[in-house]
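# With the sequence up front, the predicted model follows.
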Amino acid sequence: MKLPQEFIDKYRNLLGEESDAFFTTFDQPSEKGFRINPLKSDPQKIQYALNKPVEYTKYGYYGSVSGKSLEHQSGYVYSQDLSAMYVAENVTVAPKARILDLCAAPGGKSTQVASLMNNQGLLVSNEINHARAKILAENVERIGAKNVIVLNESPARLAEVFQDYFDQILVDAPCSGEGMFRKDHQAVSYWNKDYPQQCAGRQKEILTSAYQMLAPGGSIIYSTCTFAPEEDEQVVEWLLEQYPALQIQPIKKYPGMDDGRPEFADSNSDLSDAVRLWPHHFKGDGHFIAKLTDTRPKKAAVSVKKVKKKRMNQRQSLTKEQLALWEDFSAVLTDGFHFSLADLRCYGDHLYFYQHSWPDISHLKFMRPGLLLGQFKKKRFEPAYTLALALQPQDCSQILEVSHDDWAKYVHGETILAGGSSLRNGWKLLVCEGKPFAFGKLVNGTVKNFFPKGLRFEARLLVV
Ligand SMILES: C[S@@+](CC[C@H](N)C(=O)[O-])C[C@H]1O[C@@H](n2cnc3c(N)ncnc32)[C@H](O)[C@@H]1O
């Protein structure tokens, strides 16, 4: 790979005799990794080999997964870089935790945090870019979490609403992306010697908002996928100066992980508690991670600041008719998957599970206000794809087991045949190899296709 000369000069200077080994990695492919999803039942019952676990990530494995496999579509696996999967491991997941992932798309870290939360507490997953926020919402939906809200706001706007609110805030900041050069050749073309400093300005703005949202006693996990000291140690140094209540927390280092480099900033020795993942020492892309904990005494949990509603309040409770339609449908859900009426919300004709204790987000731009359960259409209720992905087989009494071939037909948008006239017509949770993957409507032996049009794909046979 042709690296910019100024980049070469800079890192030759910073890394000295290590620099040749560092530059060599830019011509080597990165090793692949993936995570399995503990929110699913039997998460290890998949076709991918699990004989090479990643020692520093609870559900991480070496290997690659296909985006067109049953396991991927049904949310059992998530492909993730081996370095990136160490970031979310440093988010403390307590049972009632309020967690914010501020720069979240496409969702690698949000899906990881959500999978560790076991549907307890609240994860607010935010992305400023609308197109990317849509992808984020799709990825969050695939893993089947019930405690995630996906927003599409600027950090500054969120800070107006969520002051002192979150226990853990992940800032996986937009950066100069030097650690991604070997995967993303475009990142090389954006790079110039001033770019890291420009990115640092934006990172400081984002962190200013993040700190306003941090509950006293909470933590900020700051990460980048760049090697640039201006965006790594120097941003952390700035953060410590701005907010003296913050202290760097030591991050556990596994073999191949390096200390942060105090000499890249003001020589504050605490900076060595951060982690640097260099590709010539560690099997993954370049990353930097620091965890900063706030030492102000903890206060009782605050609620969300009331902000004058600028947008129409789209939140309604259900009409009698809607409630009857929902109750009629939800009779097929077993006790393991029960929603209390207080936790149901309608936005337009869409019905969501949205815990009543969660903050009012109706005045914010949201992509996913809780778990979408379905849509009211004239005099019927149509269950959502997202609900199917949040269910385990035991959560529903109307299950239809289908073959892998039928799964491939269904995700491609085709109808499938369900033999046996003894089956009752109506909504069925479609399950393949034990994995719920969609709802379908059985009508006289044919399962009508309700797979979302925008997500349909041609599944190829998996070669492991
Ligand atoms: C490194 S990526 C996040 C990757 C993500 N955490 C993951 O694990 O999949 C940084 C994200 O920050 C977003 N971003 C860009 N400018 C921003 C800003 N001014 N404030 C907040 N986020 C921003 C980008 O759109 C991008 O999606």
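Right, received. Where do you want to start?

# List the buried residues of stretch 94-113.
Judged by neighbour count using 16 or more other CB atoms under 10 Å, the buried positions of stretch 94-113 are 97-113. Quick note: C-beta positions are derived from backbone N, CA and C, even for glycine.

# in the protein, what spans have low per-residue confidence?
305-316, 336, 420-421, 460-464 (pLDDT under 70).

# residue boundaries of the helices in it?
Taking DSSP state H, the helices of the chain run over residues 5-15, 19-24, 70-73, 84-87, 108-117, 130-143, 155-161, 185-190, 195-213, 233-242, 320-330, 385-390, 404-411.

# and the ligand, which of those is closest to it?
With respect to the ligand, and counting by CB to the nearest ligand atom, the nearest of these is helix 108-117 at 3.3 Å.

# helices or strands next to the closest one in the packing?
strand 33-36, strand 77-79, helix 84-87, strand 98-101, strand 122-126, helix 130-143, strand 166-172 (3 or more CB pairs under 8 Å, 6 or more residues apart in numbering; DSSP states H and E).

# count of neighbours near S330?
18 (other CB atoms under 10 Å).

# Find the nearest non-adjacent residue to it, please.
F339 (7.4 Å; CB to CB, 6 or more residues apart in numbering).

# so who does that neighbour touch?
330, 353, 373 (CB atoms under 8 Å, 6 or more residues apart in numbering).

# And the second one, how far from the ligand?
Distance check for F353 against the ligand: by CB to the nearest ligand atom, to the nearest Å, it reads 24 Å.

# what do you get for the last one?
In this structure, L373 and the ligand are 26 Å apart, going by CB to the nearest ligand atom.

# That residue is in contact with E382, isn't it?
No. Counting by CB atoms under 8 Å, L373 stays clear of E382, with 10.1 Å between them.

# Looking at those two, which is more packed in?
The residue with more neighbours, out of L373 and E382, is L373; 24 against 16, by other CB under 10 Å.

# With adjacent residues omitted, what lies nearest to the more buried one?
L373's closest residue in space is L351 (CB to CB, 6+ apart), at 4.7 Å.

# From the ligand, how far out is that neighbour?
28 Å.

# what's around that residue, how many residues?
Neighbours around L351, by other CB under 10 Å: 29.

# Tell me who's in contact with it.
Shown in contact with L351 (CB under 8 Å, 6+ apart): 318, 322, 326, 344-345, 372-376, 381.

# redo that, cut-off 7 Å
Residues counted as contacts of L351 (CB atoms under 7 Å, 6 or more residues apart in numbering) are 326, 344, 373-374, 376.

# ok, the spatially most central residue of the chain - contacts?
Residue closest to the mean C-alpha point of the chain, counted by CA atoms, centre = their mean, is S110 at 2.3 Å. Residues counted as contacts of S110 (CB under 7 Å, 6+ apart) are 101, 104, 123, 125, 136, 140.

# Relative to Y61, how far out is it?
19 Å (CB to CB, to the nearest Å).

# Likewise for P106?
20 Å.

# same question, P29
In terms of CB to CB, P29 sits 18 Å off from Y61.

# Settle it for me: which of these two has more neighbours?
Neighbour totals were compared for P29 and Y61, and Y61 leads with 24 against 8 (other CB under 10 Å).

# Quick check: that one touching F34?
Yes. Counting by CB atoms under 7 Å, Y61 does reach F34; the two are 5.8 Å apart.

# in stretch 204-213, what counts as buried?
204, 206-207, 209-213.

# Show me which residues of the protein are close to the ligand?
84, 103-109, 127-129, 132, 155, 172, 174, 202, 206 (CB under 6 Å from any ligand atom).

# Quick check, Y165 in contact with V302.
Yes. Counting by CB under 7 Å, Y165 does reach V302; the two are 6.0 Å apart.

# ok, the two, which is more surrounded?
More crowded of Y165 and V302, by other CB under 10 Å: Y165, with 24 against 13.

# Contact partners for V411?
Per CB under 7 Å, 6+ apart, neighbours of V411: 73, 451, 456-457, 459.

# Can you report how many residues lie near G16?
G16, neighbours per other CB under 10 Å, totals 9.

# what sits against S41?
S41 neighbours (CB under 7 Å, 6+ apart): 392-393.

# Repeat that for E433.
Per CB under 7 Å, 6+ apart, neighbours of E433: 70, 404.

# heads up, I number from 49, so please use that
Yep, numbering from 49; the last one is E481 now.

# and it, how far is that from the ligand?
From E481 over to the ligand the distance is 27 Å, taken as CB to the nearest ligand atom.

# Y124 versus that residue, what's the distance?
10 Å.

# again with F275
34 Å.
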